[in-house]
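**Student:** attaching a predicted model along with its sequence, questions to come.
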Amino acid sequence: MNVRYGKGKGREHHVYFCSRLASDYGGKACQNVSGPTLDEFVTRKVLEALKPAALELSLAAAEHVEREREELNRLWQKRLERAAYEAERAGRHYRLVEP
């Protein structure tokens, strides 16, 4: 199938057509299909085929984001604990050195 672009009725459109007989054997074009109609049909079928996969991918992505968030939260908690320990340690040193 080939695509032919053109203007008709004041707007641009495209048509898919088979020209194998014409190009190889000098015959007539065997068939043609309205471009927007075929595009809509193919798009709908592709999206229907991808629905289960898209749902699985969305769930997997959400789980991945949740795990990353939990890991980041754990890292920040450790940083807070470390900062609290360092502050408490610095306070002890200060109290021992300065009477």
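**Tutor:** Arrived safely, thanks for sending. All values reported here derive from a predicted model rather than from experimental measurement.
**Student:** pLDDT on the lengthiest helix in the chain, on average?
**Tutor:** Ordering each helix of the chain by length in residues (DSSP state H) puts helix 35-97 first. Helix 35-97 carries an average pLDDT of 90.
**Student:** roughly how far out does it sit from the chain middle?
**Tutor:** Here helix 35-97 is found 16 Å from its chain centre; the criterion is C-alpha atoms, centre = their mean, to the nearest Å.
**Student:** check which helices and strands that helix is in contact with.
**Tutor:** Applying 3 or more C-beta pairs under 8 Å, 6 or more residues apart in numbering; DSSP states H and E, one finds that helix 35-97 contacts strand 11-18. Yep, even glycine has a C-beta here, placed from its N, CA and C like the rest.
**Student:** which helices and strands does the strand it packs on pack with?
**Tutor:** With contacts defined as 3+ C-beta pairs under 8 Å, 6+ apart, strand 11-18 has these neighbours: strand 2-8, strand 31-34, helix 35-97.
**Student:** figure out which of the ones you listed is closest to residue 22.
**Tutor:** In terms of C-beta to C-beta, the element of the helices and strands packed on strand 11-18 nearest to residue 22 is strand 2-8, at 10.0 Å.
**Student:** paired strands for that closest one, with orientation please.
**Tutor:** Strand 2-8 has the following sheet partners, assigned by DSSP bridges: strand 11-18 (antiparallel).
**Student:** what residues does whichever strand or helix holds residue 24 touch?
**Tutor:** Assigned by DSSP states H and E, residue 24 belongs to helix 20-25. Here helix 20-25 makes contact (C-beta atoms under 8 Å, 6 or more residues apart in numbering) with 27-30.
**Student:** neighbour-wise, which of the residues you listed leads?
**Tutor:** Among the contacts of helix 20-25, residue 29 has the most neighbours (other C-beta atoms under 10 Å), with 14 neighbours.
**Student:** give the helix, strand or coil label for that one.
**Tutor:** coil (DSSP: H, G, I helix; E, B strand; the rest coil).
**Student:** OK, contacts around the residue nearest to residue 38 when sequence neighbours are not counted?
**Tutor:** Closest residue in space to residue 38, ignoring its immediate chain neighbours: residue 16 at 5.7 Å, by C-beta to C-beta, 6 or more residues apart in numbering. Residues near residue 16 by C-beta under 8 Å, 6+ apart: 1-3, 32-33, 35, 38.
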